[in-house]
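> Structure of the sequence below:
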Amino acid sequence: MNVYTTDKIRNVVLLGHGGSGKTSLAEAMCYLAGMTKRMGSIENGNTISDYDKEEIKRKISIKTSLIPIPWGENKVNILDTPGFRDFIGETEEAVAVADAAVIVVSGKNGIESGTKSAWELCEKRKLPRIVFVTEMDDDKASFRQIVQDLQELYGKRIAPFHLPIRENEQFVGYVNVIQQKAKRWNDKGTVDKFDVPDYSYQNLGICRDALLEAVAETSEEYMERFFEGDEFSEDEIRQALRVGVCDGSVVPVMMGSNTLARGMYTLLADIVKYFPSPDKCKCAGINTSNNEVFEADYNFAKAKSAYIFKTIADPYIGKYSLIKVNSGVIKPDDILYNYHRDMDEKLGKLYTICGNKAEEVKELHAGDIGALAKLSVSLTTDSLSTRKNPITYIRTAVSKPYVYRQYKAKKKGDEDKISQALSKLLMEDLTLKIVNDSDNAQTLIYGISAQHLEVVQSILLEKYKVDIELQRPRIAFKETIRKKADTEYKYKKQSGGHGQYGHVKIIIEPSGDMEQPYVFEQTVVGGAVPKNYFPAVEKGISESVKCGPLAKYPVTGVKVTLYDGSYHTVDSSELAFKVASEQAFKKGFMEASPVLLEPVASLRVVVPDQYTGDVMGDLNKRRARVLGMNPVENGFHEVMADIPYLELYEYDTRLYSMTRGSGSFSYEFARYEEAPEDIAAKEISAAAE
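Numbers count the residues shown, from 1 in each chain. Next up, the predicted model:
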C-alpha cells in the first residue's frame, strides 16, 4: 500500500440499519476502485468486509471492518460497521475515529430505526454526512419518498444531489440536480450524457428547490439572494456545499445500486470533493507532563501520537491494534510510550488492514488509520505517544451491557480454556463483561442483547473449540427475618476418647441494617461460655449467613446475641461451638418469621412516543411500578419504573419486538423488597428439590 499524506486521506464510516446495504456498498466501491475483479456478495459469503465465519453464517456484519480504498491520488479509509444494535460497541469505536459518515438507507425499506440511530451518532460527534440510498434497481424503491421522509425528520439540511431515471422498469441512469443534466450508464461502466426526460422535470424541480434552499441556509447573503429569486451559479452552489457539508448544515442525498455497482463512482468522487481531510479537522489530547491541552489536529509536524480504537485478537489472523495517527508520522521500529500502562511499546512493522488481510506500509501520516501487530500491553482506548511528550486522548465511551446469562462449561475440564478464550474476546469487544457472582455460585456474562451473547457462544465453539451453556441466571435473592426468636442448641458427640461438646443460647432478631449480613454481640456473664470460644460462635454465624435456611440464599439484616450456654472442660472445642452456633442460627432463623427479599432495579426505557402505551402495559405485566414519563429529544419519551430483577429476563427481546428496534433501556440496582408469596414459595420449593 502506498503512503498517503494527511490532505489525501478521507476517513469515512458506513452507518445504517442492519440489512440496508453497507457491506455490499463497500464491496461495490472496492470493485469500482479495481481492488477486486469480481464483486463478492453476502449470499455467497465472499465479501471483503464480512470475512468472519460467524458473519458468513448469519449473513450480517458483527465486527467493524477497515477497507482502505485508493481513489485517484487519495485514499478513502472505509469503516464498515454492523447495523444491528447488538454490536453497537463496534460502531461506537468506528465513529470515534471517523471524520465523516455515509448513512446507508435501503430504497425498498426506507427510513428505519437504525437510520435514526446513525443520524444521532453523527449529531453527537458532529460528523459531516451523506445519505446514500441503495437498491434503486428494485421496483419497490422510492427515492422521492425517502427524501421527503428525511426532510420531515431533519428539515432543510437535506439536499438531494441526484434523481433516478427508470426505463422499462430498469434503473438506467440519473439526473444530476446541481448540473440539471441527465446521465445514462453504458456497457463500458461509464456514463453518456443525454437530455433530462420530460417525466423527470417535475421531480427535478422539487429536488432543485430543496437543494437551493439547503445552499441558501449556509449564509445570510445566499439566503437574501434566494428569497429575491436570484440564480446561483454551479460554482457558487458547489462552494456553498463544500462549506455546508463540512459543518453539517447540508446533508447530500445520493443513490445507486450496489449489485449493479452504479452510483458508487459519484459517491467516491463526492466523498473526496465534499468531506474534510483530517488536516481540516480538530483533535486534542492532554499532555500529562504539564496537564496542558495538546492540539494535535492531525498535524504531521507535531510530536508523534496515536489512539488505539480497536483490537483484533483472532486465533487465525493474529493480534492487531488498530490506530488512528493523531499527530506526527509513525514509522516502523518507533518506540512509543503508553501513559495508561506506564510502559514503552517497540513497534515492529506497520500495516494497513483490508478486511482480514494485512499489508505492510512504510509509514503512517497524521490522520491515517493503520495497524500495529503484537503490542505487549496496550489495549483498546489507550493512547500512544513519546516519553518526551506523553499525550493521552479521551477514551471512547461504549454502551454499557445490561443483558446477562449464567454460563457453564459443557465439557468438564474446559474452564481454563474458556477463561483464556473469553479474555481474548473481552480484548476485542468492550461491550462484553464477565462477573463472578460468588454469593449465588455462578459466573455471569454480560452483553448488549441475547443475540450478542449467542454470537459469543458460537464464536467460542467455532474459533476456540470450547462449548459453553448459557442459562437463565440465578437472581440474587436474599433472606431476612421480621421477628425475634430465642433459641438454643447443644452439640454433643461421644465416640471414644475425647468427645465434642458445645452449647449456645442465642437471640436472633432484625438488625435494622440491611447493608450488613449480620451483627454479632455477646452478653455472656459468669463464664457460661468461655471467651476463647466467642470467635468460634461468630464464625458459625458468618458461615450460616452465606446460605440461608429458607431457600439457600445469602442472609442479610440480622442481629445475633450470644447470652448463655455451657461447656465441658475436656470435650469442648472451637469446632463444637461453631457447629452449635450454626444449628442454633438455622433453628432460630426459621422461628423468627423468615422472608425472601428480591432485588429491585430502577429502570429507564427510552422509546418513540407512539410506543409508550405498549411499553407501560408490558411493564405492568412484569410487576413493575411506573413512576413517571418525561419527553426527551427527537420525539422520544423516557419511562421510569421500579422493576424486580426477576422480570428483566429477556426484556431486551421484548422491547425490540414492541418498538421495532427503536427502544433502549438501562437500569441500576435500587433496593431489596419482600418477594410476593407466590414468588417466594416457588424459590423455596426449588431450593428444597
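> The closest residue to Thr396 other than its chain neighbours sits in which helix or strand?
Leaving aside its chain neighbours, Thr396 sits nearest to Ala96 (4.2 Å; criterion: CB to CB, 6 or more residues apart in numbering). Placement of C-beta: from N, CA and C, glycine included. Element membership for Ala96 (DSSP states H and E) is helix 88-97.
> Convert that helix to CSV, retaining C-alpha atoms only.
Extracted C-alpha coordinates of helix 88-97, given in CSV (Å, rounded to 0.1, in the frame of the first residue of the first chain):
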residue,chain,number,x,y,z
ILE,A,88,-23.2,-1.2,18.9
GLY,A,89,-19.8,-1.2,20.6
GLU,A,90,-18.1,-1.9,17.2
THR,A,91,-20.0,1.1,15.7
GLU,A,92,-19.1,3.4,18.5
GLU,A,93,-15.4,2.6,18.2
ALA,A,94,-15.5,3.3,14.4
VAL,A,95,-17.4,6.6,14.8
ALA,A,96,-14.8,7.8,17.3
VAL,A,97,-12.1,7.9,14.6
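> which SS class is the residue nearest to Val196 when sequence neighbours are not counted?
Spatial nearest neighbour of Val196, excluding adjacent residues (CB to CB, 6+ apart): Ala182 at 4.6 Å. At Ala182 the chain is in strand, as set by DSSP: H, G, I helix; E, B strand; the rest coil.
> Pull the distance from the helix holding Ala96 to the chain's centre.
Mean-position distance between helix 88-97 and its chain equals 8 Å (CA atoms, centre = their mean, to the nearest Å).
> Show me what it is packed against.
strand 9-16, helix 113-125, strand 305-314 (3 or more CB pairs under 8 Å, 6 or more residues apart in numbering; DSSP states H and E).
> Just list what the next helix or strand after that helix packs against, helices and strands only.
Downstream of helix 88-97, the next assigned helix or strand under DSSP H and E is strand 100-106. With contacts defined as 3+ CB pairs under 8 Å, 6+ apart, strand 100-106 has these neighbours: strand 9-16, helix 22-32, helix 113-125, strand 129-134, helix 264-274.
> Which SSE is immediately downstream of the second one?
Same thing as helix 22-32. Next along from helix 22-32, by DSSP H and E: helix 53-58.
> Not counting its own residues, what contacts that following helix?
For helix 53-58, contacts defined as CB atoms under 8 Å, 6 or more residues apart in numbering pick out Gly45, Asp50, Ser61, Ile62, Lys63, Val455, Ser458, Ile459, Glu462, Lys463.
> Kindly recompute the last result at 10 Å.
23, 42, 44-47, 49-50, 52, 60-63, 65, 82, 84, 316, 451, 454-456, 458-459, 462-463 (CB atoms under 10 Å, 6 or more residues apart in numbering).
> So for the longest strand along the chain, what gets flagged as buried?
Longest strand in the chain by number of residues (criterion: DSSP state E): strand 594-608. Under the neighbour-count criterion of 16 or more other CB atoms under 10 Å, strand 594-608 has Pro594, Leu596, Leu597, Glu598, Pro599, Val600, Ala601, Leu603, Val605, Val606, Val607, Pro608 buried.
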